[in-house]
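Undergrad: predicted model and sequence follow; I will ask about them next.
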Amino acid sequence: MKTATKKWTMPSWMEKYRTFLEQSGGYTCEEVMNCDGLNCNVVVNAPRAMMCAGLTTKIQFLTRLYQENHLIFNKTKLEETVDMLAAEAHVNKAKTPKEVAWANDLYREAKELLK
């Protein structure tokens, strides 16, 4: 007999990052995080298994930042943009060293403007 497990739902504080996180082949975050195991098995469906692993890592990263009070809310649009650039530079968005360097430079320049 299978025991019912609690389905994952996105916390309210994470909603603002939903569009960044939902770059997973048309699936919602909840669909990917609540896959039944068989659909996320590498042997059965390797692309979906990679989406599950990638999204899980991003969510764990955001959760840790939130728990350690590194995410600040009620920011201006510029500050939110700066934070998104930082996230993109460090969470799988920037793929080449040149893109990472560009994102980091842009992030530093934006932070200087906020001072």
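TA: Nice, I can see it. Residues are numbered from 1 along each chain as shown.
Undergrad: pull out the buried positions in stretch 42-60.
TA: Using 16 or more other Cβ atoms under 10 Å as the burial criterion, the residues of stretch 42-60 that qualify are 48-49, 51-52, 54-55, 58-59. For every residue, glycine as well, the C-beta is placed using N, CA and C.
Undergrad: can you pull out the helices in this structure?
TA: Assigned by DSSP state H, the helices in the chain fall at 18-21, 29-33, 46-67, 77-90, 97-114.
Undergrad: domain ranges for the chain, per the record?
TA: Split into domains by automatic domain parsing, the chain comes to 1-71, 72-115.
Undergrad: least reliable of the ones you listed going by mean pLDDT?
TA: Of all the domains of the chain, the minimum mean pLDDT falls on domain 72-115 (a mean of 66).
Undergrad: circling back: tell me the one of the buried residues of stretch 42-60 nearest W8?
TA: Closest approach between the buried residues of stretch 42-60 and W8, by Cβ to Cβ: I59, at 8.5 Å.
Undergrad: ok, now which ones touch that closest one?
TA: I59 makes contacts with 14, 21, 29, 33, as judged by Cβ atoms under 8 Å, 6 or more residues apart in numbering.
Undergrad: tabulate those (TSV), appending distance to Y66.
TA: As requested, the contacts of I59 are arranged in TSV below (distance: Cβ to Cβ, whole Å):
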residue	distance to Y66
M14	8
L21	13
C29	15
M33	16
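Undergrad: what's the burial count for Y27?
TA: Around Y27 there are 16 other residues, counting by other Cβ atoms under 10 Å.
Undergrad: and the one 5 residues further on, by the same measure?
TA: Counted with other Cβ under 10 Å, the burial measure for V32 works out to 23 neighbours.
Undergrad: before we move on, what about E112?
TA: Neighbours of E112 under the rule other Cβ under 10 Å: 8.
Undergrad: do P97 as well
TA: P97 has 8 neighbours, counted by other Cβ under 10 Å.
Undergrad: what separation is there between it and N104?
TA: The spacing between P97 and N104, counted by Cβ to Cβ, to the nearest Å, is 10 Å.
Undergrad: with A46 instead?
TA: A46 is 32 Å from N104, by Cβ to Cβ.
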